[in-house]
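In: need a structure here:
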Amino acid sequence: MKVVLRTPDREERELKGPLRVAELLKRLNVVPEGVIVARDGELLTLDDEVGDQDTVEVISAVSGGRR
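Out: This next block holds a predicted model:
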């Protein structure tokens, strides 16, 4: 599967599937609480499975706003 990491450098990596999202993040050394994961614009849970043909985006969750 193709994994797009939405970082300042927009990294792309290839991983073998199928994998549950939790395992995918573990292999990427990404803390689940700090990101959201999407496939085709749909948010995924840690229990969802992604396959070899999928393109998955890992997007940093940023908090902030008014004080």
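
In: Can you name the residues that contact residue 24?
Out: 3, 15, 37, 50, 56 (CB atoms under 8 Å, 6 or more residues apart in numbering). For every residue, glycine as well, the C-beta is placed using N, CA and C.

In: please redo it, this time with the cut-off set to 10 Å
Out: By CB atoms under 10 Å, 6 or more residues apart in numbering, the residues touching residue 24 are 1, 3, 15, 17-18, 30, 32, 37, 44, 46, 48-50, 56, 58.

In: ditto for residue 43
Out: 36, 37, 59.

In: which phi and psi does the closest residue to the last one other than its chain neighbours have?
Out: Once its chain neighbours are removed from consideration, residue 59 has its nearest residue in residue 6; the separation is 4.4 Å (CB to CB, 6 or more residues apart in numbering). Taking degrees, to the nearest 10, you get phi -80, psi 80 for the backbone angles of residue 6.

In: Show me the beta-bridge partners of residue 56.
Out: residue 3, residue 39 (DSSP bridges).

In: Write a ChimeraX command that selects only the buried members of the contacts of residue 24.
Out: Burial among those is assessed by 16 or more other CB atoms under 10 Å; the matching ChimeraX selection reads:
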select :1,3,15,17,30,32,37,44,48,50,56,58
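
In: tell me the contacts of residue 39?
Out: 1, 21, 48, 50, 51, 54, 55, 56, 57.
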